[in-house]
Each structure stands twice: as C-alpha cells, then as structure tokens.
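# Next comes the sequence, and after it the predicted model I'd like to discuss.
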Amino acid sequence: MSSSSNRPFLRLDGDLFFNHQIGGKTFRIQVTHSCLGDVFGSDGSMSGDGQALNANLWRIVEVAAQKAMTGADSPIKVLRRDFNTV
C-alpha cells in the first residue's frame, strides 16, 4: 500500500485499488491504468497516478457508487469507457 494525501491505495499492474464506503458497506474500487492515463491525464508514475486519483476522486467514486447500487461486487472496476471521452 502507498499513500497519496490521506488515501491509502494499492498499485498492482498499473491499476490502483482503494477502499471506500458506499451505502454503509465498504467496497474495494479498482481504477484501471488506461482510465488513469487517458481520462485523468496521469503520466503513469506512482505519484502521477496518486495525483490523478486525488484530483478526480469524486468522479471515480460517483461511477463506483452507481455500479454498487446496480449490484456490482468488490472490486468495482472503474474503466476508461465509464467516462464520456472522445
């Protein structure tokens, strides 16, 4: 686990994993490497990924919460295609 600001995260094969509580239940959220780079502009480094996560946390959690409310289980994977990018 690494820490970016106050949010601990695990980095595995370029994806970031962190825990977040949604609706009173804790879920593990996985943000893919391509999402971090293509959507949030990370340079692929650990610090760049952490900055991208922190700067866009509310957007990431919003997508994860929608998936959780429709029955997704941990880890909830947040993908590039979850965001309207051109």
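Nice, I can see it. Residues are numbered from 1 along each chain as shown.

# Tell me which residue is most central in this protein.
The residue lying closest to the centre of the chain (Cα atoms, centre = their mean) is Val31, at 3.4 Å.

# For it, name its beta-bridge partners.
Leu16, Val78 (DSSP bridges).

# So it sits against Arg11, correct?
No: counting by Cβ atoms under 8 Å, Arg11 is not a contact partner of Val31; they are 10.1 Å apart. C-beta here means a position set from N, CA and C on the backbone, and glycine is covered the same way.

# Mutual contacts of these two, please.
Contact criterion Cβ atoms under 8 Å, 6 or more residues apart in numbering; residues shared by Val31 and Arg11: Phe17.

# returning to what we had before: and the gap between the residue nearest to the centre of the chain and Gly24?
Distance, Val31 to Gly24, by Cβ to Cβ, to the nearest Å: 22 Å.

# Gly71: helix or strand, and which one exactly?
Assigning secondary structure by DSSP states H and E places Gly71 outside every helix and strand.

# Would you list the phi and psi of Asp82?
Backbone torsions of Asp82, given as degrees, to the nearest 10, read phi -70, psi -10.

# OK, contacts around it?
Going by Cβ under 8 Å, 6+ apart, Asp82 touches 35, 63.

# pLDDT at it, what is it?
According to the prediction, Asp82 has pLDDT 96.
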